[in-house]
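Novice: predicted model follows, preceded by the sequence.
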Amino acid sequence: MQRKYVHHCFFLNENNPFNMNFIIRNFWQMLRRLQYFMPVSAACFLFACNRQAAELFVETERFSDKGGWVVDQQFMDLMGSSYLLAHGMGRPVRDASTELTFPRRGTYHMFVRTYNWTSPFSERTGPGRFQVMIDGESAGKSFGDIGSAWFWQDGGKITVNSTKVKISLHDLTGFDGRCDAIYFTQDRDFSPPDEMAALTAFRYRQTGIKPRNGGKYDLVVIGGGVAGICAAVSAARLGLKVALIHDRPVWGGNNSSEVRVHLGGRIALEPYPEMGGIVKELSPEKGGNAQAPSQYEDEKKTALINGEPHITRFMNYRAFAVAMKGNAIKSVTAKHIETGEEFVFTAPLFADCTGDGTIGALAGADFAMGRESKSEFDEPTAPEESDHLTMGCSVQWYSEEAEAPGDFPTFKYGVDFNEENVQKVTMGEWTWETGMNFDQISDFERIRDYGLLVVYSNWSFLKNEYSEKDQYSNRKLGWVAYVSGKRESRRLLGDLILKEQDIADYVAYPDGAVSTSWSIDLHYPDPKNTEQFPGREFKSIAVHQNIYPYPIPYRCFYSRNVDNLFMAGRNISVTHVALGSVRVMRTTGMMGEVVGMAAAVCRQNSVNPRGVYEKYMEELKKLMKKGVGKDGATPYPDYNPGGTLKERKTRE
């Protein structure tokens, strides 16, 4: 007779009719019965004398209702995730909330991952305080105001009376409290890890997220600022299948309503006057920094991208990993800044338009950062010794006139203002610049936060202590950027590194492409600000050296040691001094147009970016002569062209 195989599994939980006493009492009797009609090895007994500790993990950026909190992704590479930020400019923001399903009712230990953002500047309890609410009731403690790094703040015990619970973040101050995640556990002996590698592994275990196939493309463009948009549109119009990856909810980068920097430089210049056609299409009609959000016309950039059927858009995705095959990038992996969803994108060509050279750095591309010494390139403006100084980041802001007087909280966290050093202004634009002496990658959160801190501190003094505070009584903060406008960080090195003399002396190269027209414009700490705030400057000056429009060599637009990597934007192959000219957005947009064209030449001839220079430069020149703009006859707004010489400098 054929033997019958039966599997018996007993799971002990509140709904199981079996209980532990019953099973222990009858265990041997059941085992003797089972051995007659099934092999013991085929039976499955699962006993749990103690129920496994229940746990629940939630990332706040996934909250279904963000309320007045905003998603901040700028520091994912530093602290492991995007997070929610209570950016209320001194006024508490609306609660963020979501519905959670706990594995069971009972008592849990709660941990909240947060950061006291003023800790680098002050030993005081921080201003970013918030509470966690459980079904409308405070969990007891406040968070975000202690510690000196991102960490899991102990929230103590909470009792969950129903498995369905509404969790909320309740802002108490409006001063940029921040929360990454909340973890609930019934394991009394476990605390979530703070060390980054362990935290990353813990996060993946909790979320269960695994990368999915994002598709195969002819070109993957990472970065949706002006340079990235132009690269993607240029390539798409030449028939390439393009993925455009961008880590914010609006396109445009520094020219978006989030940062509010106007376009600078000129387009339609010799030797390729049709270059800049796409820049013209996306250009806002009005210029000006730190203006109303509508002035930056985000919708125009969106319409431009959406109108290209060959572009697949991945908005709100941040690229964070690459896979290599030899000296070439095989794929890029990007994570959604809210859901955590991950996609892997493959292509024969990639374009790093991130500004920070993120993809190049991940791929092992050679790069420079800081100022080169005078001896390295013999640049007249370079310092005698190399250093780490870079141009800084701007947190722009403005105030608005209200109908009635309004107050502002006293804000004092390490920067002291007085009658002499207070900035007697109602707005701040590019000159409010921080972080020149810090690392624009590893210290970026501190740099941005210091920008916020000085705005709030200065405004607090004007509103509360200044002898002429009455003139500010009816003014309130209308906008303070929390997405920082960055000027300089990594510069990826190509087959040619453009230097000061090339531009100033018009040293022509055979692969000269789009022309830079902005002056060599370098920023330094404002000497008066240094005198008043030594080592803690937040104001800058600009030193200009006007130039004649100069064609940037194509060899500055691809990596010298990553075979299939283009770059466009402020991360191209230039020295610190030369960056002073090429970094403005009309110029970087034209760089993107060239990269899109070069990618088309690569595909047509089965070569890498260097192969275009070595064998097919004439094909690229034909494309640059023709351009890819749709309406070459339409005039474009020419505000903010910069200082440009009318005659070429004569070389002796």
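Specialist: Yep, that arrived.

Novice: what segments of the stretch 151-300 of the chain are strands?
Specialist: Under the criterion DSSP state E, counting those that start in this stretch, the stretch 151-300 of the chain contains strands at 151-160, 164-171, 175-185, 212-216, 219-222, 242-246.

Novice: what is the third one packed up against?
Specialist: Of the remaining helices and strands, those touching strand 175-185 by 3 or more C-beta pairs under 8 Å, 6 or more residues apart in numbering; DSSP states H and E are strand 55-59, strand 83-87, strand 106-114, strand 130-134, strand 151-160, strand 164-171, helix 444-464. Backbone N, C-alpha and C define where each C-beta goes, glycine included.

Novice: wait, which of those is closest to Val259?
Specialist: Comparison of these against Val259 by C-beta to C-beta identifies helix 444-464 as nearest, at 11.4 Å.

Novice: and after the closest one, which helix or strand comes next?
Specialist: Following helix 444-464 in sequence order, the next helix or strand is strand 475-480 (DSSP states H and E).

Novice: quick one on the thing from earlier: which one of the strands of the stretch 151-300 of the chain lies nearest to Gly478?
Specialist: Using C-beta to C-beta, the strands of the stretch 151-300 of the chain put strand 175-185 closest to Gly478, at 16.5 Å.

Novice: for the closest one, C-alpha coordinates in CSV please.
Specialist: Output of strand 175-185 as CSV, limited to C-alpha atoms (Å, rounded to 0.1, in the frame of the first residue of the first chain):
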residue,chain,number,x,y,z
PHE,A,175,12.5,75.4,12.5
ASP,A,176,13.4,72.5,10.3
GLY,A,177,12.9,69.5,12.5
ARG,A,178,13.7,66.4,10.6
CYS,A,179,12.7,62.7,10.9
ASP,A,180,14.0,59.8,8.8
ALA,A,181,12.2,56.8,10.2
ILE,A,182,10.3,55.3,13.2
TYR,A,183,10.9,51.8,14.5
PHE,A,184,8.7,49.9,16.9
THR,A,185,9.8,46.7,18.6
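
Novice: and the nearest residue to Gln186 once chain neighbours are set aside, what pLDDT?
Specialist: Sequence neighbours aside, Ala53 is the residue nearest to Gln186 in space, at 4.3 Å (criterion: C-beta to C-beta, 6 or more residues apart in numbering). pLDDT, Ala53: 87.

Novice: who's in contact with Ala53?
Specialist: Counting by C-beta atoms under 8 Å, 6 or more residues apart in numbering, Ala53 touches Thr185, Gln186, Asp187, Phe190.

Novice: and it, how far is that from Asp189?
Specialist: For Ala53, the distance to Asp189 equals 9 Å [C-beta to C-beta, to the nearest Å].

Novice: low-scoring stretches of this protein, by residue?
Specialist: 1-51, 632-635, 650-652 (pLDDT under 70).

Novice: of the strands of the stretch 151-300 of the chain, which stretch is the most buried?
Specialist: strand 219-222 (a mean of 31; mean count of other C-beta atoms under 10 Å).

Novice: what does Gly428 show for phi and psi?
Specialist: When read as degrees, to the nearest 10, the backbone of Gly428 gives phi -140, psi 130.

Novice: and it, how many neighbours does it have?
Specialist: 26 (other C-beta atoms under 10 Å).

Novice: returning to what we had before: which of the contacts of Ala53 sit farthest apart?
Specialist: Farthest pair in these, by C-beta to C-beta: Gln186 and Phe190, 9.3 Å.

Novice: of the two, who's got more company?
Specialist: Set Gln186 next to Phe190 and count neighbours by other C-beta under 10 Å: Gln186 wins out with 19 against 13.

Novice: please name whichever of the strands of the stretch 151-300 of the chain is nearest to Lys300.
Specialist: Of all the strands of the stretch 151-300 of the chain, strand 242-246 comes closest under C-beta to C-beta, at 15.7 Å.

Novice: which strands and helices sit next to that closest one?
Specialist: Here strand 242-246 touches strand 219-222, helix 226-237, strand 311-315, strand 317-325, going by 3+ C-beta pairs under 8 Å, 6+ apart.

Novice: I figured Asp180 hits Trp150, correct?
Specialist: Yes. Between Asp180 and Trp150 there is a contact under C-beta atoms under 8 Å: 7.0 Å.

Novice: so what's Ser142 closest to, chain neighbours aside?
Specialist: Nearest one to Ser142, counting by C-beta to C-beta, 6+ apart, is Arg129 at 4.7 Å.

Novice: would TSV of the helices and strands packed on strand 242-246 with distance to Pro383 be doable?
Specialist: Below are these laid out as TSV (distance: least, C-beta to C-beta, whole Å):
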stretch	distance to Pro383
strand 219-222	32
helix 226-237	28
strand 311-315	41
strand 317-325	34
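
Novice: Thr60: which of those is closest?
Specialist: Here strand 317-325 is closest among the helices and strands packed on strand 242-246 (C-beta to C-beta), at 16.4 Å.

Novice: quick one: that closest one to chain centroid distance?
Specialist: On the basis of C-alpha atoms, centre = their mean, to the nearest Å, strand 317-325 sits 15 Å off its chain's mean C-alpha point.

Novice: can you start the count at 52 instead of 1 from here on
Specialist: All set: I'll call the first residue 52, so the last point we hit is now strand 368-376.

Novice: give me the contact list for it.
Specialist: For strand 368-376, using C-beta under 8 Å, 6+ apart, the contacting residues are 124, 127-128, 133, 273, 296-298, 380-388, 394-395, 405, 409-410, 413-415.

Novice: give me the buried subset of the residues you listed.
Specialist: The neighbour count (16 or more other C-beta atoms under 10 Å) marks 124, 127-128, 133, 273, 296-298, 380-388, 394-395, 405, 409-410, 413-414 as buried among the contacts of strand 368-376.

Novice: could you list which of these belong to strands?
Specialist: The strands, defined by DSSP state E, take in 273, 296-297, 380-387, 394-395 from those.

Novice: what's the neighbour count on Gly290?
Specialist: 12.

Novice: let me see the contact set for it.
Specialist: His361, Ala651.

Novice: repeat that for the one 5 residues further on.
Specialist: With contacts defined as C-beta under 8 Å, 6+ apart, Leu295 is in contact with Val272, Gly275, Gly279, Ile280, Ala283, Ile356, Ile362, Thr363, Arg364, Phe365.

Novice: what's the closest of these to Gly266?
Specialist: Thr363 (6.8 Å).

Novice: returning to that earlier point: measure the residue nearest to Gln237 to Asn597 for me?
Specialist: Distance from Ala104 to Asn597, by C-beta to C-beta: 68 Å.

Novice: again with Ala416
Specialist: From Ala416 to Asn597 the distance is 32 Å (C-beta to C-beta).

Novice: between those two, who's got more neighbours?
Specialist: Ala416 (24 against 17).

Novice: I'd like to know how far the residue most central in space within the chain sits from Ala414.
Specialist: Centroid-nearest residue in the chain: Gln125, 3.3 Å away (criterion: C-alpha atoms, centre = their mean). Distance of Gln125 to Ala414, given as C-beta to C-beta: 21 Å.

Novice: same check on Tyr507?
Specialist: Counting by C-beta to C-beta, the gap from Tyr507 to Ala414 is 39 Å.

Novice: just Arg497 next, same as before
Specialist: From Arg497 over to Ala414 the distance is 26 Å, taken as C-beta to C-beta.

Novice: for Gly529, same thing?
Specialist: Taking C-beta to C-beta, one finds Gly529 at 42 Å from Ala414.

Novice: His313 now?
Specialist: On the measure of C-beta to C-beta, His313 and Ala414 end up 32 Å apart.

Novice: again, but for Ala283
Specialist: Counting by C-beta to C-beta - Ala283 and Ala414 are separated by 19 Å.

Novice: cool, Val272 as well?
Specialist: Using C-beta to C-beta, Val272 is found at 15 Å from Ala414.
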